[in-house]
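Participant: here's my sequence, what's the structure:
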Amino acid sequence: MAESYVKPGAPPGPPGAPAGPAAPPPRALGPPPQGSAGAAPRAEARPGAACPEQEECSVSADTVLAPLRAALDACRATVQKQVCNDIGRRLTVLEDAWAQGKLSAPVRKRMSLLVQELQQQHWDAADEIHRSLMVDHVNEVSQWMVGVKRLIAETRELPTAETDGSADTEPATEPEQEEP
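Facilitator: Next up, the predicted model:
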């Protein structure tokens, strides 16, 4: 049995040659372990959510899409037509994915929560749900979530009377008065 001997200071062997007994073989990376940190759904932990005790959430597409389309209609008077048309196209992509059963229960549930926050003019909460969906379900939501994000931003800029939420939760800014 012949062992290879490398003189001290000699160049290493050819590429692909065994590295010696001290180097372990490379390991293939697998999926992250189940229940890893950061995998817990942040937006679903709130008590009194849309599906408090059910594993499977049966939220209808209309429950989510009707308020989103109403918010888009409210934006049409002040937002550029091209922007509104893009948001509308992305909402149609969402609607088609929902109708074809391509959205998981957690995504449907969080979209229901997002719409509730939007209707109550809780902009930061709606934005946080949007971000959690992008982080946790990027492959499922990336085609249409940009439209929802833009809709949140545009709806936030509307005067409170134009939004679908009936309660004025944020005080209106008073116009500056000129002194004579």
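Participant: so K109 sits against V59, correct?
Facilitator: Yes. Proximity of K109 to V59 meets the contact threshold set by Cβ atoms under 8 Å, at 6.2 Å. (Glycine included, C-beta is placed from N, CA and C.)
Participant: and whatever helix or strand E128 lives in, what's buried?
Facilitator: Mapping E128 onto the secondary structure by DSSP states H and E places it in helix 123-136. Within helix 123-136, the residues scored as buried using 16 or more other Cβ atoms under 10 Å are W123, A125, A126, D127, I129, H130, S132, L133, M134, D136.
Participant: can you redo the residues you listed as JSON lines with pLDDT?
Facilitator: Putting the buried residues of helix 123-136 into JSON lines (pLDDT from 0 to 100) gives the following:
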{"residue": "W123", "pLDDT": "94"}
{"residue": "A125", "pLDDT": "97"}
{"residue": "A126", "pLDDT": "97"}
{"residue": "D127", "pLDDT": "96"}
{"residue": "I129", "pLDDT": "97"}
{"residue": "H130", "pLDDT": "97"}
{"residue": "S132", "pLDDT": "97"}
{"residue": "L133", "pLDDT": "97"}
{"residue": "M134", "pLDDT": "96"}
{"residue": "D136", "pLDDT": "96"}
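Participant: next structured bit after the lengthiest helix in the chain?
Facilitator: Assignment by DSSP state H gives helix 81-99 as the longest helix of the chain. Counting by DSSP H and E, the element after helix 81-99 in chain order, helix or strand, is helix 105-119.
Participant: with adjacent residues omitted, what lies nearest to A126?
Facilitator: In space, and not counting its chain neighbours, A126 is closest to E117: 4.0 Å by Cβ to Cβ, 6 or more residues apart in numbering.
Participant: what about this structure, any weak spots by pLDDT?
Facilitator: Across the chain, the stretches falling below the confidence threshold (pLDDT under 70) are 1-57, 160-180.
Participant: contacts for the longest helix of the chain?
Facilitator: Identification of contacts with helix 81-99 by Cβ atoms under 8 Å, 6 or more residues apart in numbering yields 61, 64-65, 68-69, 72, 75-76, 103, 108, 111, 140, 143-148, 150-151, 154.
Participant: which of those residues are buried?
Facilitator: Buried residues within those, defined by neighbour count using 16+ other Cβ under 10 Å: 61, 64-65, 68-69, 72, 75, 103, 108, 111, 140, 144-148, 150-151, 154.
Participant: just the CA atoms of stretch 82-99, as CSV, please.
Facilitator: Included here for stretch 82-99 are C-alpha records, laid out as CSV according to Å, rounded to 0.1, in the frame of the first residue of the first chain:
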residue,chain,number,x,y,z
GLN,A,82,-51.2,53.5,-15.2
VAL,A,83,-50.6,52.8,-11.5
CYS,A,84,-54.2,51.9,-10.9
ASN,A,85,-54.2,49.6,-14.0
ASP,A,86,-51.1,47.8,-12.8
ILE,A,87,-52.7,47.3,-9.3
GLY,A,88,-55.8,46.0,-11.0
ARG,A,89,-53.9,43.5,-13.1
ARG,A,90,-52.1,42.2,-10.0
LEU,A,91,-55.4,41.9,-8.2
THR,A,92,-56.6,39.8,-11.1
VAL,A,93,-53.5,37.6,-10.8
LEU,A,94,-54.4,37.2,-7.1
GLU,A,95,-58.0,36.4,-8.0
ASP,A,96,-57.0,33.7,-10.5
ALA,A,97,-54.5,32.1,-8.1
TRP,A,98,-57.2,32.0,-5.5
ALA,A,99,-59.8,30.5,-7.9
